[in-house]
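[1] Next input, structure requested:
(one chain, ligands or ions: 2)
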Amino acid sequence: MNQERPVQGSLRKAPESFLSRDGIRQVVAEAKSGRRDFIRNAFAAAATGAAFHGAMAESNPVPTEGGDPNILNLPEHSKGLGQGVAPDGSYGKPSKYESDVQRRQSPGLTQTTQASVSFAPLQSLFGIVTPSGLHFERHHQGWWDIDPSKHRFMINGMVKSPKVFTLDEIMRLPAVSRFHFIECGANTAVEWGNVAVPTAQYTHGMISCSEFTGVPLITLLEMAGADLKNGKFVLAEGADGSSMTRTIPMSLIKSGEVFVAYGQNGEMLRPEQGYPLRLIVPGVQGVSWVKYLRRIEVGDKPYATKDEAIHYIDLQPDGLERQYTSIQECKSVVTTPSGGQVLLDKGFYNITGLAWSGRGKVKKVDVSVDGGRNWRTARLETPVLSKALTRFNLDWVWDGKPTIVQSRAMDETGFVQPTYKQLRAVRGTRSIYHNNAIQSWLVQENGEVKNVQVA
Ligand SMILES: Nc1nc2c(c(=O)[nH]1)N[C@H]1C(S)=C(S)[C@@H](COP(=O)(O)O)O[C@H]1N2
Ligand SMILES: [Mo]
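    Ligands and ions are numbered 1, 2, ... in the order given. Next comes the predicted model:
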């Protein structure tokens, strides 16, 4: 009896091979030939009295006589000497067996010579922190690795004395470290038009969550003697060629939430994320988190820059545009099971996913496994932090029949994530930004999971 367990990792990885029809067929065929043995083994185990309860018994790996070589034979790594420490001066990397967990460009977007968006592999991640090397990227004019010794940060406008800081000067100041998500306003944009990109990476992968470290902007403004009474807005400007300039309301800065970060997950920011300085604007869409931050100007009105007047506006059903829509509303997505993954058999599965809100903490996540007719409340894993990703989990026994899996988040303000029907009733169909509708994954009878839209 062949005891090889096929397609390990099919649940969480949604490998790229799954994106082609042939790839999916091959994987499913392999899975099925494995599944027959698997079911036979389960029966054998039951007959010999192996103790498993209820649905768990059906889907748990069950060792039997006949023998899995991977348990019977002592592997090389249990017999010999392992490798020494990593080469001196080296930086650690993931296992080679995880090499398909990568940022990727979306098949739903036009491919350009200099790609400007890469998506984080949400379906392969655990917990709430995005590993820095898998953080999504959005560059309007390419990224740079800027020499920190030459980088300068200036505060001017309605201030007593304009001030220029070096990185060292900023790093001497009182620091904060906080976990926050950053979501591009265009995350999930292609789904407005009912373009079904295949995986959670492409539907929702323009979000990431890190522990950022830096100095509250209010501290720096006070040092420059900013007019905090008449100064109602600031302009944040980046040092790359995109002339990225965004208006941030002073109210957010006075709350102490906005900070100038140099740290990301315990080390310096990655170049792709704005090394050596970026603005952190919790809850607000990614575009306002200006990277390569070089200037803050204090002013008394919004600046209506190109990235506020022409881009990042939403065309409404009445023909008018919404402007300055900056908060990322409450949203969630199931990451397993999700598009491109394959369930190998009916039985027990841990449903897991991510929820977030730009207005505070996630209060509750409900999950439906019948296309939205019935909902069960998922477990929120701690920590549940304000304006950070929140992980949810829920027990599920799949009966092997086609079904639709969805999640619906609610935040501490009582806002409930809308269905597509509810969202389109308000926003129409011609928006690009701020799609926070409920995502639906169709689990087919053969175990393949597909992206579908439910009205
Ligand atoms: N200087 C600068 N800041 C920028 C951008 C940019 O192109 N240049 N892109 C913005 C956009 S649209 C988003 S969504 C986020 C992306 O951040 P990330 O690349 O770290 O994921 O950065 C924002 N800040
Ligand atoms: Mo963005």
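[2] For ligand 2, what's its nearest residue on this structure.
    Proximity to ligand 2, evaluated over the chain using CB to the ion, is greatest for residue 184 at 3.3 Å. C-beta here means a position set from N, CA and C on the backbone, and glycine is covered the same way.
[3] my guess is that residue contacts residue 205, does it?
    No. Using CB atoms under 8 Å, residue 184 makes no contact with residue 205, being 9.6 Å away.
[4] Now do the shared contacts for those two.
    Shared contacts of residue 184 and residue 205, defined by CB atoms under 8 Å, 6 or more residues apart in numbering, are found at residue 136.
[5] Quick one: residues contacting residue 250.
    228, 231-234, 298.
[6] May I see those arranged in CSV, with neighbour count as well?
    Below are the contacts of residue 250 laid out as CSV (neighbours: other CB atoms under 10 Å):
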residue, neighbour count
228, 16
231, 19
232, 17
233, 20
234, 27
298, 24
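[7] would you list those residues in TSV and tack on distance to residue 243?
    Putting the contacts of residue 250 into TSV (distance: CB to CB, whole Å) gives the following:
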residue	distance to residue 243
228	27
231	22
232	23
233	18
234	16
298	19
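[8] Check those against ligand 1 and report the nearest one.
    residue 234 (15.0 Å; CB to the nearest ligand atom).
[9] Which strands border the helix or strand containing the closest one, and is each parallel or antiparallel?
    Per DSSP states H and E: residue 234 is located in strand 233-238. Applying DSSP bridges to the sheet, strand 233-238 is found paired with strand 245-249 (antiparallel), strand 293-299 (antiparallel).
[10] right, so of these, which gets closest to residue 81?
    Each of those has some distance to residue 81 by CB to CB; the shortest is strand 293-299, at 48.7 Å.
[11] Residues contacting the closest one, please?
    Contacts of strand 293-299 (CB under 8 Å, 6+ apart): 151-159, 217, 220-221, 226-227, 231-239, 250, 260, 274, 277-279.
[12] quick check, the next helix or strand after that strand touching ligand 2?
    Next helix or strand after strand 293-299 toward the C-terminus (DSSP H and E): helix 306-309. No. Using CB under 5 Å from the ion, helix 306-309 stays clear of ligand 2, with a minimum separation of 9.3 Å.
[13] Mind giving me the packing neighbours of helix 306-309?
    strand 245-249 (3 or more CB pairs under 8 Å, 6 or more residues apart in numbering; DSSP states H and E).
[14] could you dump the strand it packs on to CSV, C-alpha only?
    Extracted in CSV, the C-alpha atoms of strand 245-249 (Å, rounded to 0.1, in the frame of the first residue of the first chain):
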residue,chain,number,x,y,z
THR,A,245,2.2,64.2,-1.4
ARG,A,246,-0.8,63.6,0.9
THR,A,247,-2.9,65.8,3.2
ILE,A,248,-3.3,64.5,6.8
PRO,A,249,-5.7,66.1,9.2
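[15] right, and the helix or strand after that strand?
    Going down the chain from strand 245-249, the next helix or strand is helix 250-254, by DSSP H and E.
[16] centre of the chain versus that next one, how much separation?
    Its chain's C-alpha centre and that of helix 250-254 lie 26 Å apart, by CA atoms, centre = their mean, to the nearest Å.
[17] Ligand 1 contacts on this structure?
    Residues of the chain found near ligand 1 (CB under 6 Å from any ligand atom) are 135-140, 182, 184, 238, 240, 242, 244, 272-273, 286-287, 289-292.
[18] go again using 8 Å as the cut-off
    Selection of the chain residues close to ligand 1 by CB under 8 Å from any ligand atom yields 116, 135-141, 143, 182-186, 206, 208, 238-240, 242, 244, 246, 270, 272-274, 278, 285-293, 307.
[19] are any of these buried, and which?
    135-139, 143, 182-186, 206, 208, 238-240, 242, 244, 246, 270, 272-274, 278, 285-293, 307 (16 or more other CB atoms under 10 Å).
[20] ok so residue 349 is a helix residue?
    No. Residue 349: not assigned to a helix; according to DSSP: H, G, I helix; E, B strand; the rest coil it is strand.
[21] How confident was the prediction at it?
    Per-residue pLDDT puts residue 349 at 97.
[22] could you list every residue that touches residue 202?
    Going by CB under 8 Å, 6+ apart, the list of residues near residue 202 reads 104, 106-108, 119, 190.
[23] Need the three-state assignment for it.
    helix.
[24] What sits closest to it if chain neighbours are left out?
    residue 106 (4.5 Å; CB to CB, 6 or more residues apart in numbering).
[25] Tell me how many other residues surround that neighbour.
    Residues near residue 106, counting by other CB atoms under 10 Å, number 22.
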